[in-house]
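1. coordinates only, sequence not included:
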């Protein structure tokens, strides 16, 4: 058994039945636990598709994606859902928080999905959500409805949410894409701190070369292939 | 369920206008249903009370003396003897009354000696029905004592009770003397002890109550009664009880109100089924309303659905959110509607009155019926949510997350 948390072999993704729509043309790579990886590439290179497949949100046409020793493509829909809930955190470009809920509730949602019964753990979940919000510096906004927060604040709530179930991997797709450079720096520092403190694996998709360069390792994708 | 319930609740709350509008729609539907049901229920109950409330449910008579063969020959032929109607009446009726009193469902037993005759006062003569009764027994059927408008309800000796119409016609007052003549020509004088109003012009114009003992010799009906009138607990068991009596006493004929009022009952039944049809269409309209709101809601909330799925919510749990939304809408709309419907019924009873200021008829608000309406609406809400729930399950998180 290797210490690779992610093992990708000959990954191919084709959209539709036309041959021309080959988005990923045979990728192979490994990622170790606790690594901070950046994926870069021009738009349309297939980096978001790769992230979706790694996150079990999309399935590969060919090839194998092993995460924590589990071939996620072969899992049933509901098993994939459970796997995502327990092992992965997501931070999207447009934060994707639920506007019907407060900041604290949004952070709690992954734990609600995991533990439906709201038993004794409910209390400790609440504590954890509060800790995470204070970690991203938003303690005072706990009970604010999402729509009242600024773009940077929303993104920080999304980061807190992605960590709620103590996932092994956090996927971030252009998390700073629509933020100013000062906020971008803060968000990056935050992710880095969490990466070091909790030994969480981070996979960050970005087209910001400056940001990408600060990662442990960069995977560059051009035309559906890894550029070496 | 807790998580799905919470999300369903927030989704409904966030689309406030939409939720309130559909709630109103459901509430109006259910209130019409409750009001209509109560109105028709009350109307029917009132009609039945009017028909059988103060009248016998079953009348026992002696079997008609039908011609029957006395001696049957080997070849099936026989001599036919026909009885005349001279001996009509129920013999050994005391035994029959004892037998009837063993039925727990029979609430009133009143043996009657009836005979036709005439009431004569001065120049005027009116045809009458003389009814020999025990006041205590007949009161249980006709509520005679309470119906006496003037005088008392004493029929001992030569005291009689007669109706308001007859009193007007013959210009009679309490303690006036009146001459009665039977169909057999026997005449005697009686004293008016009370004047009653039994609610029917016919009866008020023709019935005269006297004591059974007096009727026995006045109408020459010793040891016999003409009929025995009965009331039963549940008016809709009159046929069954009538048949039970006949099966024990084959020489008795039992007429039930149900058989005598077949056309009324048929009318009531068709009224019930037409009200049912209206209610079914209301339910269908309510269901379609909920379905359309939820279908729109699935589209509106597709981003949220995608996010919840990305975070690991299973398909069936997303579907459950919409089922709960449907049930919540159906249930709360129905509660509001039921309250509104009951209020409407009460208002109707209080506003629509006859000239005397009394409610036209009582409206029955049947709790069981209302509870059934509420559960049907809740169930309809869930049925309505099925298609939107299926559509939500089909949504792929990637498609939602990719776009803004």
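-> Nice, I can see it. From a predicted model like this one, the values you see are computed outputs, not experimental measurements. Numbers count the residues shown, from 1 in each chain, chains lettered A, B, ... in the order given.
2. Quick check: residue A:177 touching residue A:95?
-> No: look at residue A:177 against residue A:95 with Cβ atoms under 8 Å: they stay out of range, at 10.3 Å. All C-beta spots, glycine's among them, are computed from the backbone N, C-alpha and C.
3. Pick out whichever of those two has more residues nearby.
-> A count of neighbours by other Cβ atoms under 10 Å in any protein chain shown puts residue A:95 above the other of residue A:177 and residue A:95, at 22 against 15.
4. Give the helix, strand or coil label for the more buried one.
-> Taken by DSSP: H, G, I helix; E, B strand; the rest coil, the conformation at residue A:95 corresponds to coil.
5. Give me the pLDDT for it.
-> pLDDT recorded at residue A:95 is 73.
6. what do you get for the one 4 residues further on?
-> pLDDT, the model's per-residue confidence, is 90 for residue A:99.
7. ditto for the one 3 residues further on
-> Confidence at residue A:102, expressed as pLDDT, is 91.
8. Show me what it is bridged to.
-> In this entry, residue A:102 is beta-bridged to residue A:145, by DSSP bridges.
9. ok, it - contacts?
-> Residue A:102 makes contact with A:142-146, according to Cβ atoms under 8 Å, 6 or more residues apart in numbering or on different chains.
10. let's see it at 7 Å
-> Applying Cβ atoms under 7 Å, 6 or more residues apart in numbering or on different chains, we find residue A:102 in contact with A:142-145.
11. What separation do you get for it and residue A:138?
-> Separation of residue A:102 from residue A:138 (Cβ to Cβ, to the nearest Å): 11 Å.
12. Nearest spatial neighbour of residue 14, chain-adjacent residues omitted?
-> No chain was given, so I picked chain A. What sits nearest to residue A:14 in space, not counting adjacent residues and going by Cβ to Cβ, 6 or more residues apart in numbering or on different chains, is residue A:61, at 4.6 Å.
13. wait, chain B
-> Nearest to residue B:14 is residue A:100, by Cβ to Cβ, 6+ apart, at 4.6 Å.
14. element containing the residue in the stretch 1-150 of chain B that chain A sits nearest to, please.
-> When scored by Cβ to the nearest Cβ, the stretch 1-150 of chain B has residue B:10 as its residue closest to chain A, at 3.9 Å. Assigned by DSSP states H and E, residue B:10 belongs to helix B:2-14.
15. The most centrally placed residue in chain A: what secondary structure?
-> By Cα atoms, centre = their mean, chain A has its centre lying nearest to residue A:171, at 1.7 Å. Secondary structure, three-state DSSP: residue A:171 is strand.
16. Same question for the one 4 residues further on.
-> The assignment at residue A:175 comes out as coil when based on three-state DSSP.
17. separation between the nearest residue to it once chain neighbours are set aside and chain B?
-> Spatially, and ignoring its direct neighbours in sequence, residue A:175 is nearest to residue A:91 (4.6 Å; Cβ to Cβ, 6+ apart). Taking Cβ to the nearest Cβ, to the nearest Å as the criterion, residue A:91 is separated from chain B by 11 Å.
18. in chain A, which segments are predicted with low confidence?
-> Flagging of chain A using pLDDT under 70 yields the residue ranges A:1-2, A:17-20, A:116-123, A:228.
19. Flag every residue of it that's near chain B.
-> Counting by Cβ under 7 Å from any Cβ of the partner chain, the residues of chain A close to chain B are A:52, A:57-58, A:77-78, A:81-82, A:84-85, A:90, A:92, A:94, A:96, A:98, A:100-101, A:109-110, A:112-113, A:116, A:118.
20. just to revisit the earlier point, same question for the closest residue to the residue of the stretch 1-150 of chain B closest to chain A other than its chain neighbours, what's its three-state structure.
-> Nearest residue to residue B:10, sequence neighbours excluded (Cβ to Cβ, 6+ apart): residue A:100, at 3.9 Å. Following three-state DSSP, residue A:100 is assigned to coil.
21. My guess is residue A:100 contacts residue B:11. True?
-> Yes: with contacts counted by Cβ atoms under 7 Å, residue A:100 reaches residue B:11, the gap being 6.3 Å.
22. Would you mind telling me which of the two has more residues around it?
-> In terms of neighbours (other Cβ under 10 Å), residue B:11 is the more surrounded of residue A:100 and residue B:11; the figures are 24 against 21.
23. For the residue in chain A that chain B sits nearest to, which residues are in contact?
-> As assessed by Cβ to the nearest Cβ, chain B sits closest to residue A:85 within chain A, at 2.5 Å. By Cβ under 7 Å, 6+ apart, the residues touching residue A:85 are A:110, A:113-114, A:165, B:311-312.
24. For it, identify the helix or strand it belongs to.
-> Assigning secondary structure by DSSP H and E places residue A:85 in helix A:77-87.
25. how big is the angle separating that helix from strand A:169-173?
-> Here helix A:77-87 runs at an angle of 100 degrees relative to strand A:169-173 (axes from the mean of the first three to the mean of the last three Cα atoms, to 10 degrees).
26. After helix A:77-87, which helix or strand is next?
-> For helix A:77-87, the succeeding helix or strand toward the C-terminus, using DSSP H and E, is strand A:88-91.
27. before we move on, back to that, next up, the contacts around the residue nearest to residue A:14.
-> Counting by Cβ under 7 Å, 6+ apart, residue A:61 touches A:12-14.
28. what about the closest residue to residue B:174 other than its chain neighbours, how many neighbours?
-> Leaving aside its chain neighbours, residue B:174 sits nearest to residue B:151 (4.1 Å; criterion: Cβ to Cβ, 6+ apart). Look at residue B:151: counted by other Cβ under 10 Å, it has 17 neighbours.
29. all strands for the stretch 51-200 of chain B, in order.
-> B:58-62, B:68-72, B:78-81, B:106-121, B:124-133, B:148-151, B:159-163, B:177-182, B:187-196 (DSSP state E, counting those that start in this stretch).
30. Now do the buried residues in stretch A:203-220.
-> By 16 or more other Cβ atoms under 10 Å in any protein chain shown, the buried positions in stretch A:203-220 come out as A:203-206, A:208, A:211-212, A:215, A:219-220.
31. Can you point out the buried residues in the one helix or strand residue B:401 maps to?
-> Element membership for residue B:401 (DSSP H and E) is helix B:397-402. Residues of helix B:397-402 classed as buried by neighbour count (16+ other Cβ under 10 Å): B:397-398, B:400-402.
32. Name the surrounding residues that touch that helix.
-> A:52, A:57-58, A:92, A:96, B:302-303, B:306, B:309-310.
33. Make sure residue B:305 is indeed in a helix.
-> Yes: the assignment for residue B:305, made by three-state DSSP, places it in a helix.
34. Tell me how many other residues crowd it.
-> Per other Cβ under 10 Å, the neighbour tally for residue B:305 reads 26.
35. again, but for residue B:185
-> 7.
36. distance of it from residue B:162?
-> From residue B:185 across to residue B:162, the span is 21 Å (Cβ to Cβ).
37. Let me know the secondary structure of residue B:46.
-> Going by three-state DSSP: residue B:46 is helix.
38. and the helix or strand in which residue B:379 is found, which residues are buried?
-> In the assignment (DSSP H and E), residue B:379 maps to helix B:367-394. Neighbour counts over helix B:367-394 (16+ other Cβ under 10 Å) mark B:369-370, B:373-374, B:376-385, B:388-389, B:391-393 as buried.
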